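Visitor: sharing a model that was predicted from the sequence below.
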Amino acid sequence: MFGLLFCIVAFVFILIIIGKTLIYGDPVSGWPSTICIVLFVSGIQLFCLGIMGEYIAKEYMEVKHRPIYILKETEKDNKE
């Protein structure tokens with residue numbers, strides 16, 4: 001979720017920078033564009049890391065070989 005949030009924030013900042021340049025003719029220095037790029041790339045990295053974390057968590061649960069559910073009693077217990 002943080003990855004998507006970072007990408008959205010970077011996209012909004014990029015739109016603001018483009019808008020300032022087109023409307024006001026304000027030449028933007030290198031700092032805001034660099035920050036936007038860093039935020040965007042960081043967002044992509046966090047998003048990919050989240051996907052990998054979900055995959056590893058599912059694999060970990062599968063490797064433990066635990067049953068999906070545990071029965072309190074079985075038919076065998078009822079016959080005795």
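Guide: On my side now, so go ahead. Residues are numbered from 1 along each chain as shown.
Visitor: use CA for all of it now, contacts and neighbours both
Guide: Noted.
Visitor: report the central residue of this protein.
Guide: Nearest to the geometric centre of the chain sits residue 47, at 3.1 Å (C-alpha atoms, centre = their mean).
Visitor: which SS state does it fall under?
Guide: helix (DSSP: H, G, I helix; E, B strand; the rest coil).
Visitor: contacting residues for residue 37?
Guide: residue 10 (C-alpha atoms under 8 Å, 6 or more residues apart in numbering).
Visitor: which SSE is it in?
Guide: Element membership for residue 37 (DSSP states H and E) is helix 30-63.
Visitor: now do the buried residues in that helix.
Guide: Judged by neighbour count using 16 or more other C-alpha atoms under 10 Å, the buried positions of helix 30-63 are 33, 36-37, 39-47.
Visitor: and the closest residue to residue 41 other than its chain neighbours, how many neighbours?
Guide: Nearest-residue entry for residue 41: residue 7, 7.7 Å, with adjacent residues in sequence omitted and distances by C-alpha to C-alpha, 6 or more residues apart in numbering. The number of residues packed around residue 7, counting by other C-alpha atoms under 10 Å, is 23.
Visitor: separation between residue 7 and residue 22?
Guide: Residue 7 sits 22 Å away from residue 22, taking C-alpha to C-alpha, to the nearest Å as the criterion.
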